[in-house]
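>>> with the sequence up front, the predicted model follows.
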Amino acid sequence: MQQLRPFITHRQIADKVAELGQRISHDFRGESVVLIGVLKGAGFFLADLARQITVDATFDFISVSSYGDRTQHSGEVRLLKDVDQTLGDRNVILVEDIADTGLTLSYLKNLFLARHPRQLKIAALLDKSCRRIAPVSIDYVGFVIPDEFVVGYGMDLAERYRNLKDICVLESSSSAM
Ligand code: IMP
Ligand code: MG
């Protein structure tokens with residue numbers, strides 16, 4: 001049986017997202033940004049972050065191959081849906097729910113750098129930095145977390161739990177007889 005242990009509450013998330021929005025608004029004052037969210041996990045984070053950004057902003061989504069039903073990374077990243085707009089000479093902020101091995105973000109970083117944006121920054125709500133395989137520097141990190149599988153606020157296990165308000169740790173527990 002699997003149990004959900006509350007880990008980061010929706011209030012803590014909201015405070016952190018507001019703080020990240022302020023930092024981004026400060027860093028890009030007088031300029032425009034385009035936020036690119038990685039579907040589906042970063043959907044809620046992007047929606048909340050965009051509303052905390054006070055500079056001119058647009059957003060778009062991309063989709064990459066995911067874990068499927070497993071909790072281990074296959075090591076291979078594939079682009080399933082690209083952005084709808086050109087990124088040349090734009091201030092691009094890649095918005096991801098969680099950085100784990102870093103394989104997804106480093107793949108996306110290289111993909112977008114080849115399009116010659118003016119700047120490319122990365123925002124990740126969660127960072128499991130102890131799991132990193134591909135080194136990638138994240139400019140806007142919400143929370144650094146230990147090696148636990150988390151769900152909620154967009155993040156899933158086999159598509160479940162994305163709609164939880166709080167971020168929870170998924171724990172296996174042996175059921176009592
Ligand atoms: P990475 O390429 O290993 O950094 O994996 C990044 C992607 O794996 C994230 O965008 C998530 O979709 C997924 N992921 C990694 N850790 C978790 C987790 O604890 N819960 C849910 N999804 C996760
Ligand atoms: Mg993801």
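Cool, got the structure. Ligands and ions are numbered 1, 2, ... in the order given.

>>> for the residue lying closest to residue 89 once chain neighbours are set aside, grab phi and psi.
Closest residue to residue 89 apart from its sequence neighbours, by Cβ to Cβ, 6 or more residues apart in numbering: residue 118 at 5.1 Å. C-betas here are computed from N, CA, C, even on glycine. Backbone torsions of residue 118, given as degrees, to the nearest 10, read phi -70, psi -50.

>>> equivalent analysis for residue 142, please.
phi -80, psi -70.

>>> check residue 112 too.
Per-residue torsions, residue 112: phi -80, psi -30 (degrees, to the nearest 10).

>>> quick one, what contacts it?
36, 87, 92, 94, 120 (Cβ atoms under 8 Å, 6 or more residues apart in numbering).

>>> doesn't residue 34 make contact with the residue nearest to residue 89?
No. Using Cβ atoms under 8 Å, residue 118 is not in contact with residue 34; the gap is 10.3 Å.

>>> mutual contacts of those two, please.
90-92.

>>> okay, those residues in JSON lines with distance to ligand 2 next?
Below are the shared contacts of residue 118 and residue 34 laid out as JSON lines (distance: Cβ to the ion, whole Å):
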{"residue": "90", "distance to ligand 2": "22"}
{"residue": "91", "distance to ligand 2": "22"}
{"residue": "92", "distance to ligand 2": "17"}
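
>>> filter those residues down to the ones in strands?
Using DSSP state E, the members of those that fall within strands are 91-92.

>>> out of the shared contacts of residue 118 and residue 34, who's nearest ligand 1?
Minimum distance to ligand 1 across those is 17.4 Å, recorded for residue 92 (Cβ to the nearest ligand atom).

>>> with adjacent residues omitted, what lies nearest to the closest one?
Leaving aside its chain neighbours, residue 92 sits nearest to residue 117 (4.3 Å; criterion: Cβ to Cβ, 6+ apart).

>>> report how many residues lie close to that neighbour.
Neighbourhood size, residue 117 [other Cβ atoms under 10 Å]: 19.

>>> local confidence estimate at it?
Residue 117 carries a pLDDT value of 98.

>>> tell me the mean pLDDT over stretch 85-99?
Averaging pLDDT along stretch 85-99 gives 97.

>>> list the buried residues for that stretch?
For stretch 85-99, a neighbour-count test (16 or more other Cβ atoms under 10 Å) marks 87, 90-99 as buried.

>>> okay then, goodbye and thanks.
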